[in-house]
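**Student:** What follows is a predicted structure for the sequence shown.
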Amino acid sequence: MLLAIDIGNSSISLGLFDLTATDPRPTPALTAKLASAVGRTADEYAVIIRGLLTDKGYGGAISVAVMGSVVPQLTHTLESAIQKLGGDTPIPVTHIGGGVRTGISLRVDDPSALGADIVTNASAAVSLYGAPVIFLDFGTATVCGAVNMARELVGVSIAPGVTTALEGLRAAAAQIPYMELKAPDTVLGKNTAAALRSGLVLGTACIIDGMLDRIKAELKLPKNAALPMVATGGLAELVLPACTHTIANEPDLTLLGLYFIYKVTAEREAAAAERIALVVCGDALCPTTSNGKTAQRRAGIKNRATHGVIAATVIFFRRIRIGLADNECAIGARADERYVIRYDRAGTEIEFRILFVGS
């Protein structure tokens, strides 16, 4: 099964997905939230996550994981924790970042600086609702983003989240009380707590409604074009009822985005591995010499048993754990020979350089 991990500023969301399911809208078998505690160690997180999985009957069920993080201090900690769950065989973890297929294009100034949560939410929104689509996230920050008809993420807007705004106000004003955040009864409050609820909840709803109208105008969609809107985040259920626009609430949107991105990336890598598997070790296809002379060729899909020679057994390594570089694959052929394929990716094109390594 796939464990999806969304590391946010306030909390860490976990979702467990069955990779064999064919449902286009999968339901997580398990979801959980942990505190984003920078001081917590990998061992502590491993114990907590193992306990959660075992308690629900999924102990030892994880085979792979995918992670999106906006907290760099926790990224390595959580990766180490997940790998510990695999015992002697570390669980491979895919990170949302360069080289990962998201199903959308990022038409922003610096895609590498875009938060993983924004990318995953955009990917999930398109996967579930199609394009164009507007997505919102009510968390530490209130985020609005849009994907156009060409499946391009064209930009986002970021404002302080409801709780962030309250904490900032409390830090600056001595008489701001601690209170429960809930929907206000009236626009005009009769006391400080009621006035704060009105300003925070209804004020955020007004911001959202105003931003949605402006985003729709900026997208310049054809008349009568459908534009679904979807929201996620812990405070979505508090703010959405006060909005005038129809906005779907998807509590697991980010986890679903991680699932969809993993599936797309895995399919791409499976296709790349299949192309690598085309290499049949023999003089006809691998013209190498006993002194290790390099033979270069551009590979196309071929039958592994071509020319009747012994087919190569391919082991595809993504984050190589046997000393090879990230862009290398090991191919075992006969007992006395070994080959390495180095490949360079340029879009969907892959160029292979076949090198004789020796026994």
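**Tutor:** Happy to help now that I have it.

**Student:** what's the neighbour count on Ile247?
**Tutor:** 21 (other CB atoms under 10 Å). Glycine gets a C-beta too; all of them are placed from N, C-alpha and C.

**Student:** ok, now the one 10 residues further on?
**Tutor:** Counted by other CB under 10 Å, the residues lying close to Gly257 total 33.

**Student:** Equivalent analysis for Ser10, please.
**Tutor:** Neighbour tally, Ser10, other CB under 10 Å: 14.

**Student:** what do you get for Leu53?
**Tutor:** If we define neighbours as other CB under 10 Å, then Leu53 has 21 of them.

**Student:** now Lys182
**Tutor:** 10.

**Student:** didn't it look like it was pressed against Arg197?
**Tutor:** Yes. Between Lys182 and Arg197 there is a contact under CB atoms under 8 Å: 6.5 Å.

**Student:** Quickly list what's touching both of the two.
**Tutor:** With contacts taken as CB atoms under 8 Å, 6 or more residues apart in numbering, Lys182 and Arg197 have no neighbour in common.

**Student:** okay but Ile7 is in contact with Gln73, surely?
**Tutor:** No. Ile7 is beyond contact range of Gln73, at 9.6 Å (criterion: CB under 8 Å).

**Student:** Who has more neighbours out of these two?
**Tutor:** Ile7 (23 against 11).

**Student:** The more buried one and Val70, how far apart?
**Tutor:** Here Ile7 is placed at a distance of 7 Å from Val70 (CB to CB, to the nearest Å).

**Student:** And Val38, by the same measure?
**Tutor:** Counting by CB to CB, the gap from Val38 to Val70 is 13 Å.

**Student:** next one: Arg268
**Tutor:** 24 Å.

**Student:** re the thing from before, the more surrounded of Val38 and Val70?
**Tutor:** Each of Val38 and Val70 has its neighbours counted (other CB under 10 Å); Val70 has more, 19 against 9.

**Student:** Quick one: residues contacting that one.
**Tutor:** Val70 neighbours (CB under 8 Å, 6+ apart): Ile7, Gly8, Asn9, Gly115, Ala116, Asp117.

**Student:** now do Leu52
**Tutor:** For Leu52, the contact set (CB under 8 Å, 6+ apart) comprises Leu14, Leu30, Ala32.

**Student:** any idea which of these has the most stuff around it?
**Tutor:** Leu14 (22 neighbours).

**Student:** right, and that residue touches Tyr45 too?
**Tutor:** No. Taking contacts as CB under 8 Å, Leu14 lies outside contact range of Tyr45: 10.3 Å.

**Student:** Now do the shared contacts for these two.
**Tutor:** Shared contacts of Leu14 and Tyr45, defined by CB under 8 Å, 6+ apart, are found at Leu34.

**Student:** Please identify the helix or strand for Val154.
**Tutor:** Taking DSSP states H and E as the definition, one finds Val154 inside strand 152-160.

**Student:** can you check Ala194 too?
**Tutor:** Per DSSP H and E: helix 192-197 holds Ala194.

**Student:** picking up where we left off before, following element in sequence after the strand holding Val154, please.
**Tutor:** Immediately after strand 152-160, counting by DSSP H and E, sits helix 162-172.

**Student:** Next, the buried residues of that following helix.
**Tutor:** The neighbour-count check on helix 162-172 (16 or more other CB atoms under 10 Å) flags Val162, Thr163, Thr164, Ala165, Leu166 as buried.

**Student:** Which of the residues you listed sits closest to Met1?
**Tutor:** Using CB to CB, Thr163 comes nearest to Met1 of these, at 32.5 Å.

**Student:** Pop the domain breakdown of the chain in here.
**Tutor:** Domain assignment for the chain, taken from automatic domain parsing, gives 1-95, 97-256, 277-356.

**Student:** centre of the chain versus the longest one, how much separation?
**Tutor:** Read that as domain 97-256. Taking CA atoms, centre = their mean, to the nearest Å, one finds domain 97-256 lying 18 Å from the centre of the chain it belongs to.

**Student:** Let me know the average pLDDT across the strand or helix carrying Leu14.
**Tutor:** Per DSSP H and E, Leu14 falls inside strand 11-17. For strand 11-17, mean pLDDT is 95.

**Student:** repeat for stretch 152-163
**Tutor:** Stretch 152-163 comes out with an average pLDDT of 94.

**Student:** Next, the residues that contact it from outside, please.
**Tutor:** Contact with stretch 152-163 is made by 104-108, 114, 118-119, 122, 138-148, 168, 181, 200-201, 204, 207, 211, 215, 219, 233, 235, 238-239, as judged by CB under 8 Å, 6+ apart.

**Student:** do the same with stretch 71-91
**Tutor:** 3, 5, 7-9, 12, 36, 38, 40-46, 49-50, 53, 62-65, 67, 69, 93, 95, 321.

**Student:** Next one: the nearest residue to Ser127 once chain neighbours are set aside relative to Thr204, how far apart?
**Tutor:** Among residues not flanking Ser127 along the chain, Phe260 sits closest, at 4.6 Å (CB to CB, 6 or more residues apart in numbering). Phe260 sits 28 Å away from Thr204, going by CB to CB.

**Student:** what's the answer for Pro184, then?
**Tutor:** Distance, Pro184 to Thr204, using CB to CB: 11 Å.

**Student:** the more surrounded of those two?
**Tutor:** Thr204 (22 against 18).

**Student:** On the three-state scheme, that one is what?
**Tutor:** helix (DSSP: H, G, I helix; E, B strand; the rest coil).
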